[in-house]
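>>> Predicted structure and sequence below. I'll ask about it afterward.
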Protein chains: 2
Amino acid sequence: MSAKREEVSLTLLISGFGTVGRAFTRLLVRKRDYLVREGINVKVVCITDSKGGAVKEDGFTAEELMELTKVKRSGLSETKWGIRGFTTTDGLDKLKPDVLIEVTPSNYETGEPGLQHVMRALENSCHVILANKAPLALKFKYIMSLAKRKGSLVKYKATVMAGTPLLDLIIHGLKGAKVLYIKGILNGTTNFILSCLERGLGWDEALHVAREKGIMEADPRLDLEGWDPAAKLVILVNTIYDSDYSVKDVKRKSLTKEVVRLIDDEFTVRYLAIFEKGQLKVEPVRIHRSDFLAQVKNTYNCVELRTEYDNVIRILGKGAGGTETAFSILSDLMSIAKYLRG
Amino acid sequence: MSAKREEVSLTLLISGFGTVGRAFTRLLVRKRDYLVREGINVKVVCITDSKGGAVKEDGFTAEELMELTKVKRSGLSETKWGIRGFTTTDGLDKLKPDVLIEVTPSNYETGEPGLQHVMRALENSCHVILANKAPLALKFKYIMSLAKRKGSLVKYKATVMAGTPLLDLIIHGLKGAKVLYIKGILNGTTNFILSCLERGLGWDEALHVAREKGIMEADPRLDLEGWDPAAKLVILVNTIYDSDYSVKDVKRKSLTKEVVRLIDDEFTVRYLAIFEKGQLKVEPVRIHRSDFLAQVKNTYNCVELRTEYDNVIRILGKGAGGTETAFSILSDLMSIAKYLRG
C-alpha cells in the first residue's frame, strides 16, 4: 500500500538476555531483510545480562548476534565484546541508544532492576519497549507521564497476551466506547494446570507435567499466587481507563490443590482476572463446562470485554512464549519506526 | 493521558439515511459533549437519501438532527431543509465536506451508488468512511490508490464485524507477522439460522424466526448466497495482504435447506468464509460440536487467524447491528480527527 518512503535508523540496547532476549535477537536476524524492505535499519549496539554486557558501538553483525545467542546464561561479559559489570544504565548513558528493549525478569516487590532501566532511558529521551511487566504494574502513570514530558514512546504489547494483539485492539479499536467490565484468563500456566485437572490428573501430577513442559516460572508464586495475571490485568485496565492501579491493588486468591474438589463432569474452574466497578481481582471461579471460558484450554488465554453497546468481545490466543513475545517486541519496534518516520 | 491539544473541525455529509445513517446520527448527538472534550468539532452539513437531501451549510443543531432521524424513509427532501433530487454527488461538489459517511446499501453487481460517491469524494480530496461494503469488495486497490494520490483517508471498520475492532487488530497488531490462513463466521444472519437448526427447528421455521427478529436483509440472497460474508472476507484479505481480490473471485456455495441433513447430536454446520493459499471461498462446513467454531452461536461472528508463529488468534463479537455499526463509524471519525491533528 506504500510508495517510496524515508528510511529510519534505530540503535538498540537489549536489557536482559534470557529466553525472551535471545528469541528477540534471533527474530531480528531472521527479519533483517524484511525490516530493510520496510525502510527500517536496526543496529544492536549493546546487550546486557546479570553479570555484564557485550558492546559494539557500530552494531553487531547478524553473525555476531547469532553467536551471542549461543553463549551460556549470564555469559555475555566473557565474549570478545564483553565488559564485566557493564550495566544497562551504563549502556544507556554511554551509548545513547534510540530504543531500550527491557526484558529482565518481573519483580513485583520492587520493580527492579527494570524500573530503574526504564526511568533512566526516559530521562535520556530514549524510547522503551517492555516485555518485563513489573515497572508498568507498579508505576504506570509515573512512567507514562515522564515519557510524555521527554517525548519518548513506551510500548508494551508483549506484556499482555504476547503474540495476540489485544492491546492494539484496545488502544486503536475501542476509541469512543466505554468498557463496562473485563474478565480474562491471563495466565497460561495455571490454565494448563486446570486443563490437566479437568482431564482427571491429580494436583501434583498436573504441576509435574507443567514443569516438564517448561511452562512454570522459576518462581512458581508468580503463577500460582496470581502475580502474573494481576500484573497483566493492571496494565490492561490502566491502558483502557488511563488509571493508575498498581499490582498491589489487586485482590489475589491463590490457585491451590483445593480446586480439585470443585471440578466434576458438569463444572470446571478457571483462574480469572476480573475488573468490574473499580475492583480488581484474581481468583479461581467455578464455571459450567458449557461456559465460553471453559472452552479456553491449555496455555491459551482469553479476554472478554463488555462494551457500552452491549457487545461482548472475546479475544483468544496464546499467552506468552519466547517466540510470541519476541514477535510483539518486533511489532512495537516497527510502530516506533513508523512514528519516527511521521 | 493527553494534555491540551489542538481542536479539529470536521464537516460531514451522511450519504444514506436508513438504519445505519440514523443510528450514527443519534450516536453523534449523544456523543457530542464527549467529542468536544476530545477536541473534535463535528458539523453535519448534509444528509441524503434515495429521493433527495437535507442541507444546512452552517451545520444542523443537535435538535435538528434528532428531528431528521424521525422523518419517514426517503423523506428528507420533504423537510424544511429538503431539496428534492439533491444527490450525494451534488453535496460533495457544492458543500465540499471534510468527510463523507457512505452508508447506502451494498450492491455487489455494480457497487452503485456507493462507488461513484466514494470516487467523487476522493477526487475532491474528501475523507471517506464506509459502512457500505460494495465499493471495497469490488474496487479495493483502485480506491486505495486514488485515496493515496489525493491525500485522503479511507476508513471502513464498520464493514467487517462492526462493533468488534477486528480490523484495528489486524492493521495495527499483526505488523511483521505473516497470516497463514483466515477462517471465519462473518454473517450473523446465517449463523443465527444455523443455531436455530441445531436447536431442532426446521428450515422454514428458522427463516421465519430470523425474519421476525428483523435480522434478514431485504434481499435474502446477500445472506443465504453468501455475498455478505464473501465481501467481508475480501475486505479482510485485501487489508492484510495488500491484494486486490474482488467479491467476484470468491467461490460461494449457498446455504440451503439441505444443511438440515448434516446436523445431528454430534455434528453441526457453520457457514464459513475461508482464505487459504490464495483461494477464497464461502461454504457450509460440517464440524464437530466440540469444535471451537461450534461455540459461536446466534448472531455472533468469529474470525480465526493462524500466524506464522503458530499462534491461532480468535476474535469473537457481534456482527453488524445499527448501534455497533454507528459506533465503528464514530471510531473511524475519531481516527481521522487524530490524524488531522497530527
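The structure has been received and is ready for your questions. Numbering: from 1, shown residues only, chains lettered A, B, ... in the order given.
>>> At which residues are the strands of the stretch 201-342 of chain A located?
A:251-252, A:267-276, A:279-288, A:300-307, A:312-318 (DSSP state E, counting those that start in this stretch).
>>> Please disregard the earlier target; I meant the stretch 51-200 of chain A.
Using DSSP E, counting those that start in this stretch, strands in the stretch 51-200 of chain A cover A:52-55, A:82-84, A:99-102, A:127-130, A:154-155, A:179-185.
>>> For A:Val312, which non-adjacent residue is closest in space?
A:Arg306 (5.2 Å; C-beta to C-beta, 6 or more residues apart in numbering or on different chains). For the C-beta atoms, the positions are set from N, CA and C on the backbone; glycine is no exception.
>>> Quick one: neighbours of the one you found, just the number.
By other C-beta atoms under 10 Å in any protein chain shown, 16 other residues sit near A:Arg306.
>>> what does A:Glu205 give?
13.
>>> go on, A:Tyr339?
For A:Tyr339, using other C-beta under 10 Å, the count is 12.
>>> ok, it to chain B distance?
Between A:Tyr339 and chain B the computed distance is 12 Å (C-beta to the nearest C-beta, to the nearest Å).
>>> does that residue really touch A:Val154, like I thought?
No - between A:Tyr339 and A:Val154 there is no contact under C-beta atoms under 8 Å: 11.8 Å.
>>> near chain B, which residues of the stretch 51-200 of chain A show up?
Contact residues, the stretch 51-200 of chain A versus chain B (C-beta under 8 Å from any C-beta of the partner chain): A:144, A:148, A:157, A:163-169, A:171-177.
>>> Give me the subset of the residues you listed lying in helices.
Using DSSP state H, the subset of those located in helices is A:144, A:148, A:166-169, A:171-173.
>>> Mind giving me the PyMOL command for buried ones among the residues you listed?
This is how PyMOL selects the buried members of these, with burial counted by 16 or more other C-beta atoms under 10 Å in any protein chain shown:
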select buried, chain A and resi 144+166+167+168+169+171+172+173
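>>> Specify which member of the ones in helices among the residues of the stretch 51-200 of chain A next to chain B is nearest to B:Ser15.
A:Gly173 (24.4 Å; C-beta to C-beta).
>>> Apart from its neighbours in sequence, what residue is nearest A:Arg252?
The nearest residue in space to A:Arg252 (C-beta to C-beta, 6+ apart) is A:Gly226, at 4.0 Å.
>>> Report how many residues lie close to that neighbour.
28.
>>> which residues sit in contact with it?
A:Gly226 makes contacts with A:187, A:190, A:250, A:252-255, A:271, A:273, A:282-283, as judged by C-beta atoms under 8 Å, 6 or more residues apart in numbering or on different chains.
>>> Just the closest of the residues you listed to B:Gly214, please.
Closest to B:Gly214, out of all of the contacts of A:Gly226 and judged by C-beta to C-beta, is A:Ala273, at 36.9 Å.
>>> I'd like the distance between that closest one and chain B.
18 Å.
>>> which residues does that residue contact?
A:182-187, A:226, A:229-230, A:232-233, A:250, A:280-282.
>>> Pull out the buried members of the residues you listed.
A:182-187, A:226, A:229-230, A:232-233, A:250, A:280-282.
>>> isn't A:Thr323 right up against A:Leu27?
Yes - when contacts are counted by C-beta under 8 Å, A:Thr323 is listed as touching A:Leu27 (7.4 Å).
>>> The two: who's more crowded?
Neighbours were counted for A:Thr323 and for A:Leu27 using other C-beta under 10 Å; A:Thr323 has more, 22 against 19.
>>> Please give me every residue in contact with the most centrally placed residue in chain A.
Residue closest to the average C-alpha location in chain A (C-alpha atoms, centre = their mean): A:Thr159, at 2.1 Å. A:Thr159 makes contacts with A:130-133, A:136, A:231-232, A:235, as judged by C-beta under 8 Å, 6+ apart.
>>> now it: how far from chain B?
In terms of C-beta to the nearest C-beta, A:Thr159 sits 14 Å off from chain B.
>>> Repeat that for A:Ile235.
14 Å.
>>> What about that residue, how many residues nearby?
For A:Ile235, using other C-beta under 10 Å, the count is 22.
>>> same check, this time on A:Asn124
For A:Asn124, using other C-beta under 10 Å, the count is 15.
>>> Next, the contact list for the nearest residue to it once chain neighbours are set aside, please.
Closest residue to A:Asn124 apart from its sequence neighbours, by C-beta to C-beta, 6+ apart: A:Leu92 at 5.5 Å. Applying C-beta under 8 Å, 6+ apart, we find A:Leu92 in contact with A:13, A:100, A:117, A:120-121, A:124, A:126.
>>> Tell me the confidence at A:Leu92?
On the pLDDT scale, A:Leu92 is placed at 98.
>>> Please apply the same query to A:Ser2.
Taking A:Ser2 on its own, its pLDDT is 43.
>>> quick one: low-confidence ranges for the stretch 101-250 of chain A?
For the stretch 101-250 of chain A, the stretches with pLDDT under 70 are A:173, A:175-176.
>>> What segments of it are helices?
A:114-123, A:134-150, A:166-173, A:188-198, A:203-212, A:221-224, A:227-241 (DSSP state H, counting those that start in this stretch).
>>> circling back to that earlier point, would you mind saying which of the strands of the stretch 201-342 of chain A lies nearest B:Lys31?
strand A:300-307 (13.6 Å).
>>> And chain A, what are its domain boundaries?
Using automatic domain parsing, the domain ranges for chain A come out as A:8-163+A:322-341, A:166-318.
>>> Among the contacts of A:Gly226, which one lies nearest to chain B?
Using C-beta to the nearest C-beta, A:Asn187 is the member of the contacts of A:Gly226 that lies nearest chain B, at 16.5 Å.
>>> any idea how far that closest one lies from A:Glu7?
Noted for A:Asn187: a distance of 40 Å to A:Glu7, by C-beta to C-beta, to the nearest Å.
>>> A:Phe275 bridge partners, please.
A:Ile182, A:Leu280 (DSSP bridges).
>>> check contacts around it.
A:181-183, A:233, A:236-237.
>>> Alongside chain B, which residues does the stretch 201-342 of chain A contribute?
Close to chain B, as judged by C-beta under 8 Å from any C-beta, the stretch 201-342 of chain A has residues A:242, A:292, A:295, A:307, A:309, A:311-318, A:323-324, A:327, A:330-331, A:334-335.
>>> Recalculate using a threshold of 6 Å.
Proximity of the stretch 201-342 of chain A to chain B, by C-beta under 6 Å from any C-beta of the partner chain, involves residues A:242, A:295, A:309, A:311, A:313-318, A:323-324, A:327, A:330-331, A:334.
>>> Isn't A:Gly111 up against A:Leu136?
No - A:Gly111 lies out of contact with A:Leu136 (C-beta atoms under 6 Å); the separation is 9.0 Å.
>>> These two: who's more crowded?
Using other C-beta under 10 Å as the criterion, A:Gly111 and A:Leu136 rank with A:Leu136 on top: 30 against 23.
>>> Now the more buried one: closest residue in space that isn't a chain neighbour?
Looking at A:Leu136 with C-beta to C-beta, 6+ apart, the closest residue is A:Ile235, at 5.1 Å.
>>> and what of A:Ala131?
A:Ala158 (3.9 Å).
>>> Burial check on that neighbour, number of neighbours?
Neighbours of A:Ala158 (other C-beta under 10 Å): 28.
>>> could you measure it against chain B, distance?
Taken as C-beta to the nearest C-beta, the span from A:Ala158 to chain B is 12 Å.
>>> Next: A:Glu212.
For A:Glu212, the distance to chain B - C-beta to the nearest C-beta - is 20 Å.
>>> same check, this time on A:Lys183
14 Å.
>>> My guess is that residue contacts A:Glu304. True?
Yes - A:Lys183 lies in contact with A:Glu304 (C-beta under 6 Å); the separation is 4.7 Å.
>>> Dihedrals phi and psi, the nearest residue to A:Gly151 once chain neighbours are set aside?
Spatial nearest neighbour of A:Gly151, excluding adjacent residues (C-beta to C-beta, 6+ apart): A:Ser125 at 6.1 Å. Dihedral angles phi and psi of A:Ser125 (degrees, to the nearest 10) take the values phi 60, psi 30.
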